[in-house]
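**Student:** Structural data only, the sequence is not supplied:
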């Protein structure tokens, strides 16, 4: 379901509009709607880092993955702007002389360092089978949202394409929920039933008793007279 949903999203993705300069990208990045999104992301990241991470970061997987996803959405937008600037530079339109290009580079470095730091913490604390799908969905969702706000991708799309993208996202989300809900599934029924484990104290007692029985049998073999006398006392 995750793969199918991803294919549907990519197949109905909007066409990239041509960009002629880094100033155009800077205008998109400084529009009020995207600035509001950036401000919301920064506030949420600070709340997660300084309030939730020390308290429940090591027990709730959504804390570290949420920080990575929020910063990741900004890093993707910055990487796209920086890549476009480098592309235009190679085409003969030097964009490295503008302050906006280096600002995008600074944002990329800051977001990537923060993102990788908390992603490593998430992978060190939780199982990768849990972190990967949850991070994938949150990162993809926030990146699509940031792209829609900054580049206004849905303005030139038909209603059918938008609905297809939403359905693809729902398929990805459903597949991720199934992965997360079945990660601890134990197929004990295939072995004819489940058995309760023996407590450690009882297991240790049985092992000690078994060792004492073996030692006693060895002594009886070495001293048969004492063994016969011990049996007479028992009777």
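**Tutor:** That came through fine. Note that the structure is a prediction, hence the values are computed from the model and not measured.
**Student:** So, low pLDDT: which residues of the chain?
**Tutor:** The chain contains residues with pLDDT under 70 at 16, 153-156, 180, 182-235.
**Student:** can you rerun that using 80?
**Tutor:** Counting by pLDDT under 80, the ranges of the chain that qualify are 13-19, 129, 152-158, 176-177, 179-235.
**Student:** what domains does the record give for it?
**Tutor:** 2-181, 202-235 (automatic domain parsing).
**Student:** Rebuild those as a markdown table, extending it with mean neighbour count.
**Tutor:** (Glycine included, C-beta is placed from N, CA and C.) Output for those, formatted as a markdown table (neighbours: other CB atoms under 10 Å):
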| stretch | mean neighbour count |
| --- | --- |
| domain 2-181 | 17 |
| domain 202-235 | 10 |
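**Student:** Check which helix or strand residue 44 maps to.
**Tutor:** Per DSSP states H and E, residue 44 falls inside helix 32-47.
**Student:** Which other helices and strands does that helix contact?
**Tutor:** When contacts are defined as 3 or more CB pairs under 8 Å, 6 or more residues apart in numbering; DSSP states H and E, helix 32-47 packs onto helix 61-90, helix 128-151.
**Student:** nearest to residue 45, of those?
**Tutor:** Nearest of the helices and strands packed on helix 32-47 to residue 45, taken as CB to CB: helix 61-90 at 5.3 Å.
**Student:** If you count contacts, what does whichever helix or strand comes after that closest one end up packed against?
**Tutor:** Remark: after helix 61-90, the chain's next helix or strand is helix 99-125, criterion DSSP H and E. Other helices and strands packing on helix 99-125, by 3+ CB pairs under 8 Å, 6+ apart, are helix 22-29, helix 61-90, helix 128-151.
**Student:** Which strands and helices lie in contact with the shortest one?
**Tutor:** Using 3+ CB pairs under 8 Å, 6+ apart as the contact criterion, the neighbours of helix 22-29 among helices and strands are helix 61-90, helix 99-125, helix 128-151.
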